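A.B. asks: sequence and predicted structure, then a few things I'm wondering about:
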Amino acid sequence: MIYLTKRVTFSASHVLRNPDFDEKKNLDIYGKCSWPHGHGHNYILEVTVQGHIPKETGILIDLKKLKHIIHETVVDKLDHKFLNTDVEFLKGVIPTSENLIVLIWKELENVLEPGTLYELKLWETENNWVVYRGE
Amino acid sequence: MANKNPILELYTRISFSAAHSYRDQNKSPEENRRQYGKNSHVHGHNYEVTLGLRGSVDMQSGMIINFFEVKQILKEKILSVLDVTHLEEDIPWFRENLPTTENITLFIYNKLKRAFPSSVTLISVEVRETPDLGAKIYNE
């Protein structure tokens, strides 16, 4: 098995608030991320696919095709958007890194060959990131 | 999200600055210099610590653990103990154990292994002394 990773970036804004919580609880849980006017990040997303190397080509997956899929499926929908309202696949969800990575996984899993998606890594800042393997 | 709570890993990185030297108290300065080279002189680093936590996403908050709680734990258990210190002068454990990258990683791991709520598991602690040298412990 070989693993291949493609890295992409997007910039987006969000605010972390649960409408079912009062002001104090939102502030307790999300801290300054709950401030009502929102804030933004330069996100970095690493998509790792897995498979066996075909003898004839030596290519696990066409990188151009992978790049196109990632951009069309997630990056174009997320880049320069307000994640709380602008993105169809995030509707009704608090756009924490955790929720974002799980829903990005679902979008990519739908369009990639079954069993090829291995791992996603999503950096919200250089000091904070999440990893998801579809569990 | 309709189905069961997804399980994922959350990583966060902090940094602290500290001085250290490698010196065996039972050896002469010459012997220490021979054994540990330039590390026998007192010098300092900006250490970077990355820890990994694993847990399931709480549907209400959209998080595996309250991030501010993590920051608070790190401040209390790590930064308040190690930041701007001279490791083997200020912390008794480092008088018995050389303040190598490996031992610093072990020290931090031991401080953190029971520090988090039971809803998350500490999976790894990595310490980089410089961008080129680091040690990592997995909770195996």
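C.D. replies: Alright, I've got the coordinates. Numbering: from 1, shown residues only, chains lettered A, B, ... in the order given.

A.B. asks: tally of neighbours for residue 94?
C.D. replies: Just going to use chain A. Neighbour count of A:I94, defined by other CB atoms under 10 Å in any protein chain shown: 24. (Glycine included, C-beta is placed from N, CA and C.)

A.B. asks: you answered for a different chain; I wanted chain B.
C.D. replies: 21.

A.B. asks: would you mind measuring from it to chain A?
C.D. replies: 26 Å (CB to the nearest CB, to the nearest Å).

A.B. asks: tell me the secondary structure for that residue?
C.D. replies: helix (DSSP: H, G, I helix; E, B strand; the rest coil).

A.B. asks: my read: it touches B:N103, true?
C.D. replies: Yes - judged on CB atoms under 8 Å, B:F94 makes contact with B:N103 at a distance of 7.3 Å.

A.B. asks: Three-state assignment for A:W123, please.
C.D. replies: Applying three-state DSSP: A:W123 is strand.

A.B. asks: restricting to C-alpha, output the least confident helix or strand in chain B by mean pLDDT in CSV.
C.D. replies: Sorted by mean pLDDT, DSSP states H and E, the helices and strands of chain B end with helix B:29-36, the least confident at a mean of 90. Extracted in CSV, the C-alpha atoms of helix B:29-36 (Å, rounded to 0.1, in the frame of the first residue of the first chain):
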residue,chain,number,x,y,z
PRO,B,29,34.2,19.5,33.6
GLU,B,30,36.8,18.0,31.1
GLU,B,31,35.1,14.6,31.2
ASN,B,32,31.6,16.2,30.7
ARG,B,33,33.0,18.2,27.8
ARG,B,34,34.4,15.1,26.2
GLN,B,35,31.2,13.2,26.7
TYR,B,36,28.6,15.8,25.9
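
A.B. asks: would you mark the buried spots in it?
C.D. replies: B:N32, B:R33, B:Y36 (16 or more other CB atoms under 10 Å in any protein chain shown).

A.B. asks: which residue packs closest to the first one, ignoring adjacent ones?
C.D. replies: So the one you mean is B:N32. Residue nearest to B:N32 in three dimensions, not counting chain neighbours: B:S40, with 4.3 Å by CB to CB, 6 or more residues apart in numbering or on different chains.

A.B. asks: how long is stretch A:75-91 end to end?
C.D. replies: Start-to-end span of stretch A:75-91 (CA to CA, to the nearest Å) is 16 Å.

A.B. asks: now swap in stretch B:91-103 and tell me
C.D. replies: Stretch B:91-103: ends 13 Å apart by CA to CA.
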